[in-house]
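Asker: Take a look and give me a structure for this.
(one chain, ligands or ions: 1)
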Amino acid sequence: MLQFESVAKTYPDGTKAVTDLDLVIPSDGITVLVGPSGCGKTTILRMINRMIEPTAGRILWDDKPIKSMRKTTLRRQMGYVIQNGGLFPHRTVLENIGTVPSLLGWDDNKTLLRSRELLEQVGLEPKLGNRFPAQLSGGQQQRVGVARALAADPDLLLMDEPFSAIDPVVRADLQALVKRLQRELNKTIVMITHDMDEAITMGHRIAVLRPGGILAQYGPPEAILDDPADDFVSKFVGKDRGYRSLGFAEVPRPELAGVRTVRNAEQAHTASSDRDQPVLVVSAEGEPEGWADPDRPGRVLVLGETFTHPGAPLRDMVEAALTSPVGRAVAVNSTGRYVGTLSAADVMDQVRTYRMTVADQQLSRRIAAEQEPDPEPVERSGAPAVAPGEERTPEEPAPDVEPGSDPEATPETERAEERTPAEPAPDAEAALRKPTAEQ
Ligand SMILES: Nc1ncnc2c1ncn2[C@@H]1O[C@H](COP(=O)(O)OP(=O)(O)OP(=O)(O)O)[C@@H](O)[C@H]1O
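Answerer: Numbers count the residues shown, from 1 in each chain. Below you'll find the predicted structure:
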């Protein structure tokens, strides 16, 4: 668990990048930092691996102040991924992936095996291992960036806008990859994006930041969509939040209605049939194919989207109803076979019931909050702003208390780290130099 306690960062020129941040990031799942450009997201992320030091407050990792940990030790447990992968251009893909294991002193064979394993894990063909980054697509480069960050099996993955330069289709693949890896490898991921859709897709929790690095709201995506804390969050989330939040809304097994089905559109409308009743054309396997056209016998109208029954979120039902040419959402089972339909009116009834439940819960929460007694005033632990190189809070020991102090922890380096943009690979190298001293 990562804990920010009254953390602030004011750069030497007076820019307040982060203001009085209290945030708890649990060890499970993906936490997304989202907010407009310049709201302090990168500063927050880089304070986690101590590329930037706070000017006040403290950050704890599993209850231990990170200031008391050597930077090298800390960063070994944290993979870092940036936009465009940040790969070394003159190293092959496998060499890039093996950067950190090599720095840690692994033997060449073990490093190579690990790099190959990761190449496969991120969905890249073995033959790509000997290419150079420039010979890969942007999406492939980013996969290598993820593989490299995972190479030494860190507990925490920090990702700074990892997919922002990637086209939407490849981006969706990469998002799915990171979600899968998070589940399979059980890593803690802290990720930055400025794209609310990405935050909703990826995040188990979302921290919305406003300029000045002020936390505007923190919670699961559905809470942010359904109950934005204020106008800023509401505007940032965007207009269609009502629709998007339905993606998280599970409804109890809705009661489906059957429609007449035929195998062949020719059979759909006979002289005696009711042309107002929609007829569904299904394949021999029972998969829905489209709606029989009542006006042009034998023709099939598009089906529209379908939803899976049971288990689909309400958004899928709304989508199915909205795309249906006959105003009926078609339900299929997990193998894609037709199981029934919902009329658009039925779907809207489900939406209404869901919205009433959410509104009830919000009201109950507000009433409960109003009734809570005011908390006792707590003395802030934040130290006053200090110059770089003196960045130490009074209650913490010197930053590098372990034997053999960290040669990188000089004031000059810390100043340089704050000046330069994120260059994780060289930084990782710098941070990991002299690995044997700590093993
Ligand atoms: N080394 C620095 N010195 C002075 N100001 C800085 C420094 N680094 C960042 N800032 C300022 O701090 C603020 C927060 O910057 P930061 O990069 O953390 O924001 P961000 O939310 O990640 O932005 P973006 O989404 O554009 O990447 C900005 O106003 C930025 O100009």
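
Asker: CA atoms for contacts and neighbours, from now on please.
Answerer: OK.

Asker: Could I get the pLDDT score of the closest residue in space to residue 276 that isn't next to it in sequence?
Answerer: Spatially, and ignoring its direct neighbours in sequence, residue 276 is nearest to residue 294 (7.9 Å; C-alpha to C-alpha, 6 or more residues apart in numbering). Note for residue 294: predicted pLDDT of 82.

Asker: just residue 406 next, same as before
Answerer: pLDDT recorded at residue 406 is 38.

Asker: hey, which helix is longest across this protein?
Answerer: Ranked by residue count under DSSP state H, the longest helix found in the chain is helix 344-371.

Asker: can you give me the strands for the stretch 151-300 of the chain?
Answerer: 156-160, 188-193, 205-210, 214-219, 260-262, 279-282, 288-292, 300-301 (DSSP state E, counting those that start in this stretch).

Asker: Tabulate the ones you listed (a markdown table), appending mean neighbour count and distance to the ligand.
Answerer: Output for those, formatted as a markdown table (neighbours: other C-alpha atoms under 10 Å; distance: least, C-alpha to the nearest ligand atom, whole Å):
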| stretch | mean neighbour count | distance to the ligand |
| --- | --- | --- |
| strand 156-160 | 23 | 8 |
| strand 188-193 | 25 | 7 |
| strand 205-210 | 25 | 8 |
| strand 214-219 | 19 | 11 |
| strand 260-262 | 17 | 53 |
| strand 279-282 | 23 | 49 |
| strand 288-292 | 22 | 45 |
| strand 300-301 | 19 | 45 |
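
Asker: Dump the ones you listed to TSV, plus distance to residue 131.
Answerer: Putting the strands of the stretch 151-300 of the chain into TSV (distance: least, C-alpha to C-alpha, whole Å) gives the following:
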stretch	distance to residue 131
strand 156-160	24
strand 188-193	28
strand 205-210	37
strand 214-219	42
strand 260-262	54
strand 279-282	48
strand 288-292	44
strand 300-301	48
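
Asker: do you know which of those lies nearest residue 311?
Answerer: Closest to residue 311 of the strands of the stretch 151-300 of the chain is strand 288-292 (C-alpha to C-alpha; 18.6 Å).

Asker: in its sheet, what does the closest one sit against?
Answerer: strand 279-282 (antiparallel), strand 300-301 (antiparallel) (DSSP bridges).

Asker: Mean pLDDT added to these, as a markdown table?
Answerer: As requested, the strands paired with strand 288-292 are arranged in a markdown table below (pLDDT from 0 to 100):
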| stretch | mean pLDDT |
| --- | --- |
| strand 279-282 | 92 |
| strand 300-301 | 92 |
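
Asker: right, and these - which one's nearest residue 138?
Answerer: It's strand 300-301; of the strands paired with strand 288-292, that one is closest to residue 138 (C-alpha to C-alpha) at 39.2 Å.

Asker: what packs against the helix or strand following the closest one?
Answerer: Downstream of strand 300-301, the first helix or strand assigned by DSSP states H and E is strand 306-308. Judged by 3 or more C-alpha pairs under 8 Å, 6 or more residues apart in numbering; DSSP states H and E, strand 306-308 is in contact with helix 314-322, strand 328-332.
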